[in-house]
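Visitor: Here you go, sequence then predicted model.
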Amino acid sequence: MHCALAAAVAWSIGAAVVAPAAVAADASPEQWYLGPMKAEEIWKVSTGKGVKVAVIDSGVHASTPSLQGQVLPGKHFTREGSDTQTDDTNGQGTTTAELIAGTGKGGGIRGLAPGAKIIPFKVRLYKHDERREFMEDSLYRAVKAAADSDAQIINISVGSQHGIDMGNFGQTDAFKYAAQKGKLVFAGTGDNAKQGNKEQYPAAHLEVVGVASVDRNSDPADYSQYGEGDVDLAAPGSGVPRWCDAKFQRYCDGGGTVAASAVASASAALIWAKHPDWTANQVLRVMFDTASRNWVTGKRDDHMGHGIIRPRDILLEGKGNPGKPEPGVPAYGVWPIPSTAAAPTTPPTSPATPTSPPTLAASSKDTPDSGPSALLIGGIAAAALVLAAGAFALVRRRRAAH
């Protein structure tokens with residue numbers, strides 16, 4: 001099912017710009033989504049302080065201005081380097097870390113959860129269609145290590161369409177282990193919709209929250225992979241700045257589902273910091289419950305899953321039903337629960353009934369803040385988000401790798 005989506009709000013901010021690593025704050029790389037999401041208001045309520053996020057990626061360059069003091073000791077799972085050597089040799093992992101917990105200092109990327117801390121787990125990056133080497137189990141070991149760490153959230157920025165290979169040496173067991181340990185795991189669904197749109201793992205695993213990418217018009221990105229049961233949530237991913245390379249001298253226009261997953265992980269950190277007594281599944285349930293969508297509850301869109309993340313609804317209005325703790329339940333077993341009724345035992349079968357287009361903003365009357373400087377200069381603040389309440393049963397039909 002693919003809903004034809006029109007933008008409810010036309011954002012006036014321009015495309016992401018190239019910026020030096022250390023420049024004046026008002027020349028910071030533009031993050032168009034912070035305005036519609038009302039990030040400045042959110043930070044008045046929650047910055048993610050106290051929450052740790054494991055970043056399984058190409059490593060993290062902890063000395064960028066935006067990440068100084070934000071990165072904790074991690075582990076290395078490639079064949080080169082010592083066990084604790086986690087410096088980034090690509091640029092992707094550092095971008096991911098900044099999108100989650102960057103402070104924006106020195107003109108850098110400002111994370112959606114600037115109060116959170118990052119634990120890096122360095123693994124080898126693979127192309128989407130590249131088969132892993134025989135007995136290559138770095139992802140398995142990294143997920144297990146992250147599950148055993150103090151991190152509550154695990155963000156994974158590596159993926160492959162070869163799910164069987166990934167399951168041969170225990171990766172599936174690692175995700176089950178992470179769920180049992182109470183971790184919330186996010187991964188992008190992949191950027192190869194135009195190159196076959198094959199399922200991408202680990203996003204397609206039952207225990208992982210698959211995140212698709214949307215653009216500034218709240219439409220699914222044309223590259224974002226989709227499919228029935230593969231997508232759980234959507235988040236801003238297009239036109240998001242990234243480090244150009246491992247020299248860390250400037251930002252480039254970039255984005256993708258890796259960026260969307262980072263923004264979703266940061267959103268979860270904001271919620272968990274505000275509600276530290278919730279379990280992973282309660283955090284995920286309110287994210288499903290409050291996601292912006294224009295289809296009938298109980299249905300999932302192939303391109304957006306439950307809809308676009310709306311942490312402002314949870315934090316500013318206190319809406320979203322967390323339900324029972326249910327520790328250890330994998331992501332596919334989490335259903336959004338209507339605030340005034342018990343969860344249905346079977347999903348509704350009625351066709352989708354569009355209402356208003358999904359959007360990052362609370363309503364069509366919302367407009368972005370005045371510009372990048374208003375978003376990126378101010379001190380760390382936090383707020384609470386306006387919930388678009390709605391709930392529907394989750395029917396997971398993913399194929400887990402064996």
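Guide: Okay, I see it.
Visitor: With just CA atoms, put the longest helix anywhere in the chain into CSV.
Guide: Across the chain, the longest stretch assigned as helix under DSSP state H is helix 257-274. Extracted in CSV, the C-alpha atoms of helix 257-274 (Å, rounded to 0.1, in the frame of the first residue of the first chain):
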residue,chain,number,x,y,z
THR,A,257,17.8,6.1,5.7
VAL,A,258,21.0,6.1,7.8
ALA,A,259,20.2,9.7,8.7
ALA,A,260,16.5,8.9,9.2
SER,A,261,17.4,6.1,11.6
ALA,A,262,19.7,8.4,13.6
VAL,A,263,16.9,11.0,13.9
ALA,A,264,14.5,8.3,15.1
SER,A,265,17.0,7.0,17.6
ALA,A,266,17.5,10.5,18.9
SER,A,267,13.7,10.9,19.2
ALA,A,268,13.6,7.7,21.3
ALA,A,269,16.3,9.1,23.5
LEU,A,270,14.3,12.3,24.2
ILE,A,271,11.3,10.2,25.2
TRP,A,272,13.2,7.8,27.3
ALA,A,273,15.0,10.6,29.2
LYS,A,274,11.6,12.1,30.0
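Visitor: could you point out which element follows it?
Guide: Counting by DSSP states H and E, the element after helix 257-274 in chain order, helix or strand, is helix 280-290.
Visitor: What is that following helix packed up against?
Guide: strand 184-188, helix 257-274, helix 311-317 (3 or more C-beta pairs under 8 Å, 6 or more residues apart in numbering; DSSP states H and E). For every residue, glycine as well, the C-beta is placed using N, CA and C.
Visitor: where along the stretch 51-200 of the chain do the strands fall?
Guide: Per DSSP state E, counting those that start in this stretch, the stretch 51-200 of the chain carries strands over the ranges 52-57, 75-76, 117-122, 153-156, 184-188.
Visitor: Lowest average confidence across the ones you listed, which one?
Guide: With a mean of 92, strand 75-76 has the lowest mean pLDDT of the strands of the stretch 51-200 of the chain.
Visitor: any idea where the helices of the stretch 101-250 of the chain begin and end?
Guide: Along the stretch 101-250 of the chain, counting by DSSP state H, counting those that start in this stretch, helices occupy 138-148, 163-168, 171-180.
Visitor: between the ones you listed, which gets the lowest average pLDDT?
Guide: helix 163-168 - the lowest mean pLDDT of those, at a mean of 50.
Visitor: so where's the stretch 1-150 of the chain shaky on pLDDT?
Guide: 1-28, 79-84, 127-136 (pLDDT under 70).
Visitor: now do 50
Guide: Along the stretch 1-150 of the chain, the model assigns pLDDT under 50 to residues 1-27, 134-135.
Visitor: Equivalent analysis for the stretch 201-350 of the chain, please.
Guide: Filtered on pLDDT under 50, the stretch 201-350 of the chain yields the residue ranges 340-350.
Visitor: Give the closest residue to Val98 in space, chain neighbours not counted.
Guide: That one is not Val; residue 98 is Glu. Ile109 (3.9 Å; C-beta to C-beta, 6 or more residues apart in numbering).
Visitor: likewise Phe288?
Guide: Nearest one to Phe288, counting by C-beta to C-beta, 6+ apart, is Pro336 at 4.0 Å.
Visitor: pretty sure the one you found is touching Asn281, no?
Guide: No. Contact criterion C-beta atoms under 8 Å: Pro336 and Asn281 do not qualify, at 11.3 Å.
Visitor: out of these two, which sits in the more crowded spot?
Guide: Pro336 (27 against 24; other C-beta atoms under 10 Å).
Visitor: That one and Gln282, how far apart?
Guide: 11 Å (C-beta to C-beta, to the nearest Å).
Visitor: Leu99 now?
Guide: 24 Å.
Visitor: between those two, who's got more neighbours?
Guide: Neighbour count, other C-beta under 10 Å: between Leu99 and Gln282, Leu99 has more, with 31 against 23.
Visitor: count of neighbours near Leu112?
Guide: Residues near Leu112, counting by other C-beta under 10 Å: 31.
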